[in-house]
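Chemist: 3D model of this:
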Amino acid sequence: MKFLYSFQFLFLATLFLSSCTKIDLTATAEVQLNTLLNIKEINNGFIVSGIKDSRITISKLDVNFDPIWQKDNYEWGELLSEGGWGGAFYSVEVVDIFQKENGNLVCFCSVSEGGDVMWHSVLIVTLDKFGNEKTKTELEHTSLLSVIRTNDDGYLLFGSKLIKLNSDFSKEWENSDQNYVFLGHLFHL
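Modeler: Here you go, the predicted structure:
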């Protein structure tokens with residue numbers, strides 16, 4: 001039995017974005033999701049990601065939480081689970097989303113797939129300002145827990161490895177000895 005939760009963004013705005021002064025407290029728009037993954041404030045609005053009917057769904061909302069667009073047709077975003085011995089499993093979690101200066105979005109996703117043996121990878125998807133997929137990059141054999149943007153427009157990925165990416169998503173360096181501590185945005189190598 002599936003339950004479809006209706007997230008009232010007035011409530012979410014109060015809970016997650018209480019320090020934001022541009023929120024219209026009379027906003028009543030909604031986006032329906034089975035699972036909310038994250039809400040990210042961007043220029044002139046918000047990006048919301050979640051799961052609806054076993055598909056990754058990404059929505060762009062204006063500052064009053066009115067939907068501008070919603071996409072769930074990404075070929076990488078269909079989740080699969082077939083139980084039992086020898087069953088198949090494919091899961092994607094949108095870990096973080098960043099907006100570039102041109103309005104395009106960069107989505108960092110953690111992917112788990114397999115059956116009796118599981119594999120993990122990082123999927124980096126760029127979307128145009130209308131939510132259409134532009135590029136897709138995969139980093140195999142690593143998991144993803146968190147991402148921060150660096151001062152040089154690159155990204156630092158925290159997971160089973162510590163990976164520094166350049167702005168074009170090429171690896172600048174990688175540390176796989178797991179000898180680091182991550183506390184908020186403070187880290188030690």
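
Chemist: Flag the shaky bits of this protein, pLDDT-wise.
Modeler: 1-30, 83-86, 178-189 (pLDDT under 70).

Chemist: Helices of this structure, start to end?
Modeler: For the chain, applying DSSP state H gives helices covering 9-16.

Chemist: Would you point out which residue is most central in it?
Modeler: Val94 (2.5 Å; Cα atoms, centre = their mean).

Chemist: any idea how far Ala88 lies from Ile148?
Modeler: 33 Å (Cβ to Cβ, to the nearest Å). (C-beta placed from N, C-alpha, C; glycine too.)

Chemist: nope, Asp128 is what I meant
Modeler: From Asp128 over to Ile148 (counting by Cβ to Cβ), the distance is 23 Å.

Chemist: Kindly report the same for Leu139.
Modeler: Taken as Cβ to Cβ, the span from Leu139 to Ile148 is 16 Å.

Chemist: Neighbour count: Asp128 and Ile148, which is higher?
Modeler: Neighbour tally, Asp128 and Ile148, criterion other Cβ atoms under 10 Å: the higher count belongs to Ile148, 15 against 12.

Chemist: Report the beta-bridge partners for that one.
Modeler: Leu156 (DSSP bridges).

Chemist: Wait, it touches Tyr155, no?
Modeler: Yes. Counting by Cβ atoms under 8 Å, Ile148 does reach Tyr155; the two are 7.1 Å apart.

Chemist: overlap in contacts of the two?
Modeler: Counting by Cβ atoms under 8 Å, 6 or more residues apart in numbering, Ile148 and Tyr155 have no common neighbour.

Chemist: residues contacting Ile42?
Modeler: Taking Cβ under 8 Å, 6+ apart as the test, what Ile42 contacts is Lys60, Gln99, Leu105.

Chemist: Mind checking which of these are in strands?
Modeler: Lys60, Gln99, Leu105 (DSSP state E).

Chemist: Can I get these in CSV including distance to Leu162 and neighbour count?
Modeler: Output for those, formatted as CSV (distance: Cβ to Cβ, whole Å; neighbours: other Cβ atoms under 10 Å):
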residue, distance to Leu162, neighbour count
Lys60, 31, 22
Gln99, 24, 19
Leu105, 24, 21
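
Chemist: Tyr74: which of these is nearest?
Modeler: Nearest to Tyr74, judged by Cβ to Cβ, of the ones in strands among the contacts of Ile42 is Leu105 at 12.2 Å.

Chemist: What residues are bridge-paired with the closest one?
Modeler: Gln99, Leu127.

Chemist: was I right about it contacting Asp96?
Modeler: No. Leu105 is not in contact with Asp96 according to Cβ under 8 Å; the separation is 10.6 Å.

Chemist: how much space between the residue nearest to Phe89 when sequence neighbours are not counted and Gln32?
Modeler: The shortest distance from Phe89 to any residue other than its chain neighbours is 5.4 Å, reached at Ser81 (Cβ to Cβ, 6 or more residues apart in numbering). For Ser81, the distance to Gln32 (Cβ to Cβ) stands at 21 Å.
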